[in-house]
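In: Sequence first, predicted model second:
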Amino acid sequence: MAICHEHNLKFKVKLDTPHNAGLYLDARDTRNWLIENSADRKVLNLFAFTGSLGLSSAYGKASEVIHLDRSKELLPRIEENYQANDIAFESRNFLRGDIYKHLPRAIKAGKKFDGIILDPPPKVYQSRYAKHKTSGQDFSALIQYCTQLLNPGGWIVGMLHRFDYSWDDFENQVKKASGQRLLPQTRLTSGVDFPESMADKKLRVSIFVADANPDVEK
């Protein structure tokens, strides 16, 4: 286990694990954005992996960060990253489970968040709890859930990993799935140390902000 230093944060990584060391370096600017835009917000980190994005929100003074992932191996690694940075945490905020089971339950319970980190893998697993056949990153279905969990004025960080969608296609898909309640505000990508001549081959991140006055007719 090695320690990677970034933006005053420390991340524990496994350098001998191909494609799964525990920290995706191309998301550095996204982590920095979360540090700067999470203060006093309740944040939900979906498909949490080793928690680097949610940890960035916690470091940025989020009031609470809840991590959700279905892997039993990953949640202890999130806790290790919190401990490495001396950031307080409660085990109840690290949830293991199926996204398609937990999100409808959270909606039914009236849960609300001020920020949601949505970073599904390029091909989301097929869940027995999903009422549809998942496709690709499944943003159309996941955004419908997340929109119902988001407070007015809240944001969603959506991370696109597919090459068969343009950035505009992705943002239009999210706007449509949210019933036009979510509008893209900011775009982020990988840094200059990830050279790529074609923009659609790089990491593409869009920050969507929920309508602050959803009940006002436009």
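Out: Good, I have the coordinates.
In: contacting residues for Ser63?
Out: Asp40, Arg41, Lys42 (CB atoms under 8 Å, 6 or more residues apart in numbering). C-beta: built from backbone N, CA, C; applies to glycine.
In: For Leu149, see how far away the last one is.
Out: So the one you mean is Lys42. Counting by CB to CB, to the nearest Å, the gap from Lys42 to Leu149 is 10 Å.
In: Quickly list what's touching both of those two.
Out: With CB under 8 Å, 6+ apart as the test, Lys42 and Leu149 both reach Lys112, Phe113.
In: re the thing from before, among the contacts of Ser63, which one is most surrounded by other residues?
Out: Greatest neighbour count in the contacts of Ser63, by other CB atoms under 10 Å, goes to Arg41: 21 neighbours.
In: buried set for the longest strand belonging to the chain?
Out: For the chain, the strand that runs over the most residues, judged by DSSP state E, is strand 150-160. Neighbour counts over strand 150-160 (16 or more other CB atoms under 10 Å) mark Leu150, Gly154, Trp155, Ile156, Val157, Gly158, Met159, Leu160 as buried.
In: can you check stretch 196-213 too?
Out: Judged by neighbour count (16+ other CB under 10 Å), stretch 196-213 contains these buried residues: Asp200, Lys202, Leu203, Arg204, Val205, Ser206, Ile207, Phe208, Val209, Ala210, Asp211.
In: Out of the residues you listed, which two sit at the greatest distance?
Out: Greatest spatial distance among these (CB to CB): Lys202 and Asp211, at 29.1 Å.
In: any chance of the contacts of Ser63 in CSV, plus distance to Pro195, secondary structure and pLDDT?
Out: Compiled in CSV, these are given as follows (distance: CB to CB, whole Å; DSSP: H, G, I helix; E, B strand; the rest coil; pLDDT from 0 to 100):
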residue, distance to Pro195, secondary structure, pLDDT
Asp40, 37, coil, 98
Arg41, 34, coil, 98
Lys42, 37, strand, 98
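In: Just give me the closest of these to Pro104.
Out: Once CB to CB is applied, the member of these that ends up nearest Pro104 is Lys42, at 18.9 Å.
In: Bridged to that closest one, which residues?
Out: On the basis of DSSP bridges, Lys42 is bridged to Glu64.
In: residue contacts, it?
Out: By CB under 8 Å, 6+ apart, the neighbours of Lys42 are Ala62, Ser63, Glu64, Val65, Ile66, Lys112, Phe113, Asp114, Gly115.
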